[in-house]
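1. Starting from these lines, generate the structure:
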Amino acid sequence: MGSVKQKRSVKKIAVIVAVALFGVAMFFGLRLYTNMFMPNVDLKGEKHAHILIPTGSSYDDVIAILKEKGYIKNLERFQKYAEEKGYDKKVKPGRYKLISGMSNRRMLNMLISGSQDPARVYINNIRTKEKLASVLGKQLEPDSLAIVTMLNSDSVAQSIGMTPETIISLFIPNTYEFYWNVTPSEILSRMKKEYDGFWSKNQRQQKADSLGLTREQVITVASIVDEETNYTPEMNTIAGVYLNRLKKGMLLQADPTVKFAIGDPTIRRILNKHLTFDSPYNTYMYQGLPPGPIALPSIEAIDAVLNRANTPYLYFCAKADFSGAHAFAVTKEEHEKNAKLYQAALNKRNIKK
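-> Numbering: from 1, shown residues only. The predicted structure follows:
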């Protein structure tokens, strides 16, 4: 009888232990499931958002960023799982995309692997290196001062066969994707590859060679053409005029270069006092092309120069009807007649400057 009771007692103990172990397993299993797979990202109605983790950030810095943003429903659970995964010892900087309902596991896999969501940078309608640096600095980690310092460096420009005046040519207007924590030098390397790729397409390099112009000279002419007109059908004719004047050794006398030299693109009427402003960019005073582009020209303007019209014109001015079109002329006398009509139209509208 004693042995039977003993066996029953052992069975009871075994059952109790089994139940206890099952309970413990369930507890830790549920905890693991909760920490790993339960949705823990709440973007307050938004489908996605981004967090920026600066270069050199520590694990505590990341936790502080998440706490400030308020995107994590249960930060304690996130931290426990992050530390279990070893994220506290391998933080990677960058721009990361959070999706509403994301689990800790999915989010940490992204952060640990450094799977960034690239920043899209739209480059267009930029006249100066300072403005370009500002655009890049607002979208990427490097600040604008670091970028403009690089663009103004003689040694950096020389390393890619350019000058500080022409280096802006690299930035062909387009939308580019960069990792947010890219360095200034990485930006430059990327844009040099894009620039080389641009010139390898559509026989652009061959066309520049046939004109006897370098890439940067083409872009400089294109920048003047682009500032002269928004009327695309006339771009290749205007380009033809400027190239004709260059070939004949004439002063370009391009009004947009004077505005650039003065630093005021809002000037609507070029006066004699403007023409005497001493600057290598003033093509009323200095022969040949200015030292570099006066803006980032559109691709349409660049191609207009490469496919310039074979025209006898040496002069042009805006038409007096303010249509945006231009009156072209072969002789100075004809041009002066056109210019007087335009000047009279400016006077009629009381446009003095």
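2. Not counting sequence-adjacent ones, nearest residue to residue 293?
-> Distance criterion CB to CB, 6 or more residues apart in numbering; nearest residue to residue 293, sequence neighbours excluded, is residue 223 at 3.9 Å. All C-beta atoms are positioned from the backbone trio N, CA, C, and that covers glycine.
3. List the buried residues of whichever strand or helix holds the one you found.
-> Secondary-structure element containing residue 223, defined by DSSP states H and E: helix 215-228. Buried residues in helix 215-228, defined by neighbour count with 16 or more other CB atoms under 10 Å: 215-228.
4. can you put these in CSV and add distance to residue 139 and pLDDT?
-> Converted to CSV, the buried residues of helix 215-228 look like this (distance: CB to CB, whole Å; pLDDT from 0 to 100):
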residue, distance to residue 139, pLDDT
215, 26, 98
216, 25, 98
217, 30, 99
218, 28, 99
219, 23, 99
220, 26, 99
221, 29, 99
222, 25, 99
223, 23, 98
224, 28, 98
225, 28, 98
226, 23, 97
227, 25, 95
228, 30, 94
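5. Could you dump the residues you listed into a markdown table and include distance to residue 319?
-> Formatted as a markdown table, the buried residues of helix 215-228 follow (distance: CB to CB, whole Å):
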| residue | distance to residue 319 |
| --- | --- |
| 215 | 32 |
| 216 | 31 |
| 217 | 29 |
| 218 | 27 |
| 219 | 27 |
| 220 | 26 |
| 221 | 22 |
| 222 | 22 |
| 223 | 23 |
| 224 | 19 |
| 225 | 17 |
| 226 | 19 |
| 227 | 17 |
| 228 | 13 |
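6. For the residue lying closest to residue 234 once chain neighbours are set aside, give me phi and psi.
-> If you skip the residues right next to it in sequence, residue 234 has residue 326 as its closest partner in space, 5.9 Å away by CB to CB, 6+ apart. Note on residue 326: backbone dihedrals following degrees, to the nearest 10 are phi -130, psi 150.
7. go on, residue 270?
-> phi -80, psi 120.
8. Over to residue 83?
-> According to degrees, to the nearest 10, the main-chain angles of residue 83 amount to phi -70, psi -30.
9. Could you tell me how far it is located from residue 102?
-> Distance from residue 83 to residue 102, counting by CB to CB, to the nearest Å: 19 Å.
10. still on that earlier bit, which outside residues touch the helix or strand that the helix holding residue 223 is followed by?
-> Scanning forward in sequence from helix 215-228 by DSSP H and E, the next helix or strand is helix 235-248. Applying CB atoms under 8 Å, 6 or more residues apart in numbering, the contact partners of helix 235-248 are 211, 221-222, 224-226, 228-229, 251-254, 288-289, 300-301, 304-305, 307-316, 326, 328.
11. How about stretch 61-79?
-> Contacting residues not belonging to stretch 61-79 are listed as 34-35, 39-44, 49, 51-54, 57, 91, 98, 104, 107, 111 [CB under 8 Å, 6+ apart].
12. Please repeat the previous calculation with a cut-off of 7 Å.
-> Counting contacts by CB atoms under 7 Å, 6 or more residues apart in numbering, the residues outside stretch 61-79 that touch it are 34-35, 40-43, 49, 51, 53, 91, 98, 104.
13. Could you do stretch 173-184 as well?
-> For stretch 173-184, contacts defined as CB under 7 Å, 6+ apart pick out 52, 55, 93-95, 116, 118-124, 140-142, 146-147, 150, 187, 296, 298-299.
14. gap between the two ends of it?
-> Distance across stretch 173-184, first residue to last, is 18 Å (CA to CA, to the nearest Å).
15. Okay, buried residues for that stretch please.
-> Applying 16+ other CB under 10 Å to stretch 173-184 flags 173, 176, 178-182, 184 as buried.
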